[in-house]
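Student: Fold the following, please.
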Amino acid sequence: MEDVIRTAVAEVLESLGIAPIDFAVEHPADMAHGEYACNVAMVTAKAAGIAPRALAEKIVAALEGQIEYVEKIEIAGPGFINFYLARDFFTTELMRATAAGEVWGQNDSESGQKILVEYTDQNPFKAFHIGHLFTNTVGESIARLGEMQGADIRRVTYQGDVGLHVAHAVYGMQQLGITADSAFTSDDLGRAYVLGAAAYKDDESAQAIIRDLNKKIYERSDEAVNMLYDAGRAVSLAYFETIYPILGTKFSEYFFESEMAPKGKALVLAHPDVFPQSDGAHIFRGEAYGLHTRVFMNKEGLPTYEAKELALAKAKDERCGGYDHSIISTAKEINEYFKVLKCAMGFVYPELAAKTEHIGHGMVRLSTGKMSSRTGDVILALDFIEEIATVAHDKIVESGMAKPTTELAQAIALGAIKYATLKGNIEQDSVFDTNKALSFEGDSGPYLQYTHARICSLLEKAEAVGVIPNLAIAPEIPYVVEKILYRFPEVVAEAWLERAPHLVVTYVTELAGAFNTFYAHEKIADASDTYAPYKAAVAEAVATTLKNGLWAIGIEAPERL
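Tutor: All right, here's what the predicted structure looks like:
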């Protein structure tokens, strides 16, 4: 409807001989001012040589009766134009939502587009901690929003299976007596990494050994080291595969630094004009482009992360049969690094640089502050989920809402974590508060899950007394919840364009609140109420919208709670 109004207004401007200009069509903060408000008269009045309100009167006169489903158009203040939609519009939108079901809210704006979304990027030999959990939440939501636009989304993760951190872990494995043939777990690898990282920092002799190990791992020049490395890598990757299903993620492609290292080195050496030598290293002089200089190959002849990223861009393109766009989601701490990388990529692979987008998101922190895997002061993702699930289990028992199964408690825990991660602008840092995150009373994932389950329950009760959702007989005045529900497709489209999952979070929270207010004043399971079938249809459409909206942010919508 926004596009319909915008087109109609643009046509009127043309008929009045007014040059095209950008203007806003948006929802007023107060629903009493209609469903849409337009500032066109305010922004074009000067060029048209007429007072804003007088121009607004001309535009409104030309629009009268021209836009289907617009019942009334009014001028407010100095020249804002407010549009009020007819009752039939909201009923039609309810029909659309119900008929569309699980595809309600989707569009085809990215149909035919192959889009890669890279995220999580956890490193083998290191713990999968809550930092990875939060970055996975952001990336998965971006991927799902892309799918809701009809895009062919390929989920990709890039893992650092070589580098100094790996050498730390292999050194630690040696010190702990772990062998390639011994039975060990990811927890053992975590301890080995912490041991190696501490030794590298505090012991010069250990530092020399670890540096030598790092070179051997890169070159695969020592069979005993290779065997230990391969065994540790396999255990670590297998452990990650137990976590992805819990988080609702299934990657299409896996890329590894070990594969990119030789390719990245070759790229740097093949472009001496882009990466000139400096003190034995090869660098990219970013200052020439308003950025900063970065090393792409160090003095030891080893490619850095930057060089490997160049190779990664090409590897993605080749393995995925080409792509139309590539989104890389990481913590914002490396925003400046990516600016330099993309600039350098523009000289090596200009066509890929033009299709590459980096999203730097903020960090979610706990009351203890920032985590550090180097010191071992980390909270493992699965431990964190289990801890939150235990609290959720207790809350379910206290409320008496449902049988507190392990699966339900975990779903609520993940809902709490993901909602808290995505509720604000993803570029900003936030703090996770367990009590607020697990609240069943607004502004939380569990609140939305509870509202969805509540609707499923009341629809069953309504059916039991003979009330079946039906839109044939509608009340004269639309319910407030109807005026929010129809906006869902708009929100999904905007959330994708802005790379802003929080828009969906804000929307579904508002919708749930409106429904609960609606339900507090209206009876649905009442066969004697002429409008009960319509109210049931409203409830059904809200349940569908909540379920689809929660899916977009990676949250399960239980039918029982």
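
Student: Tell me where the stretch 101-250 of the chain has helices.
Tutor: Along the stretch 101-250 of the chain, counting by DSSP state H, counting those that start in this stretch, helices occupy 130-147, 164-176, 186-202, 204-219, 223-247.

Student: Relative to residue 116, which of those is closest?
Tutor: The closest of those to residue 116 is helix 130-147. By C-beta to C-beta, the value is 9.5 Å. Bear in mind the C-beta positions are built from the backbone N, C-alpha and C, glycine included.

Student: could you give the angle of that closest one to helix 223-247?
Tutor: 60 degrees (axes from the mean of the first three to the mean of the last three C-alpha atoms, to 10 degrees).

Student: Restricting to C-alpha, output helix 130-147 in PDB.
Tutor: Coordinates of each C-alpha in helix 130-147 appear next as PDB, following Å, rounded to 0.1, in the frame of the first residue of the first chain:
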ATOM      1  CA  ILE A 130      29.000 -17.400  23.600                       C
ATOM      2  CA  GLY A 131      30.700 -14.800  21.300                       C
ATOM      3  CA  HIS A 132      30.300 -17.400  18.500                       C
ATOM      4  CA  LEU A 133      26.700 -18.000  19.700                       C
ATOM      5  CA  PHE A 134      25.900 -14.300  19.300                       C
ATOM      6  CA  THR A 135      27.500 -13.800  16.000                       C
ATOM      7  CA  ASN A 136      25.800 -16.900  14.700                       C
ATOM      8  CA  THR A 137      22.500 -15.400  15.800                       C
ATOM      9  CA  VAL A 138      23.100 -12.300  13.700                       C
ATOM     10  CA  GLY A 139      24.300 -14.100  10.600                       C
ATOM     11  CA  GLU A 140      21.500 -16.600  10.700                       C
ATOM     12  CA  SER A 141      18.900 -13.900  10.900                       C
ATOM     13  CA  ILE A 142      20.500 -12.000   8.000                       C
ATOM     14  CA  ALA A 143      20.400 -15.300   6.000                       C
ATOM     15  CA  ARG A 144      16.700 -15.900   6.800                       C
ATOM     16  CA  LEU A 145      15.700 -12.400   5.900                       C
ATOM     17  CA  GLY A 146      17.400 -12.900   2.600                       C
ATOM     18  CA  GLU A 147      15.400 -16.100   2.000                       C
END
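
Student: lowest-pLDDT helix or strand in this protein?
Tutor: strand 364-365 (a mean of 78; mean pLDDT, DSSP states H and E).

Student: Partner strands of that strand, with direction?
Tutor: Strand pairing for strand 364-365, using DSSP bridges, gives strand 430-431 (parallel).

Student: and the partner strand, how far out from the chain's middle?
Tutor: Between the centre of strand 430-431 and the centre of its chain there are 16 Å (C-alpha atoms, centre = their mean, to the nearest Å).

Student: what comes into contact with it?
Tutor: Applying C-beta atoms under 8 Å, 6 or more residues apart in numbering, the contact partners of strand 430-431 are 362, 364, 365, 366, 367, 420, 421, 423, 424.

Student: Give me the residue at the spatial middle of this protein.
Tutor: Central residue of the chain (C-alpha atoms, centre = their mean): residue 141, 3.0 Å from the mean position.

Student: my guess is it contacts residue 552, does it?
Tutor: Yes - Residue 141 lies in contact with residue 552 (C-beta atoms under 8 Å); the separation is 6.7 Å.

Student: intersection of neighbour lists for these two?
Tutor: Contact criterion C-beta under 8 Å, 6+ apart; residues shared by residue 141 and residue 552: 501, 504.

Student: Any regions of the stretch 251-400 of the chain where pLDDT drops low?
Tutor: For the stretch 251-400 of the chain, applying pLDDT under 70 flags the ranges 367-377.

Student: swap in the stretch 1-150 of the chain?
Tutor: For the stretch 1-150 of the chain, no range has pLDDT under 70.

Student: re the thing from before, of the helices of the stretch 101-250 of the chain, which is nearest residue 7?
Tutor: helix 130-147 (25.2 Å).

Student: so where do the helices sit in the stretch 251-400 of the chain?
Tutor: Assigned by DSSP H, counting those that start in this stretch, the stretch 251-400 of the chain shows helices spanning 257-270, 305-319, 335-348, 350-353, 381-399.

Student: And these: which comes nearest residue 45?
Tutor: Proximity to residue 45 (C-beta to C-beta) singles out helix 335-348 among the helices of the stretch 251-400 of the chain, at 40.5 Å.

Student: returning to that earlier point: just name the most buried of the helices of the stretch 251-400 of the chain.
Tutor: Counting by mean count of other C-beta atoms under 10 Å, helix 305-319 has the highest mean neighbour count of the helices of the stretch 251-400 of the chain, with a mean of 21.

Student: neighbouring contacts of it?
Tutor: 116, 118, 156, 158, 253, 255, 257, 259-261, 263-265, 267-268, 284, 294-297, 323, 326, 337, 340-341, 344-345, 348-349, 352-353, 356.

Student: try 6 Å this time
Tutor: Contact partners of helix 305-319, identified using C-beta atoms under 6 Å, 6 or more residues apart in numbering, comprise 116, 255, 257, 260-261, 263-264, 267-268, 294, 296-297, 341, 345, 348-349, 352.

Student: quick one on the thing from earlier: give me whichever of the helices of the stretch 101-250 of the chain is most buried.
Tutor: It is helix 130-147: most buried of the helices of the stretch 101-250 of the chain by mean count of other C-beta under 10 Å, with a mean of 25.

Student: Would you agree the residue nearest to the centre of the chain is in contact with residue 501?
Tutor: Yes - between residue 141 and residue 501 there is a contact under C-beta atoms under 6 Å: 4.2 Å.

Student: what do those two both touch?
Tutor: Among the neighbours of residue 141, those also in contact with residue 501 (C-beta under 6 Å, 6+ apart) are 422, 553.

Student: All the strands of the chain, in order from the start?
Tutor: Under the criterion DSSP state E, the chain contains strands at 25-26, 36-38, 70-76, 80-85, 114-118, 152-159, 253-256, 277-278, 281-284, 294-297, 325-331, 356-361, 364-365, 430-431.
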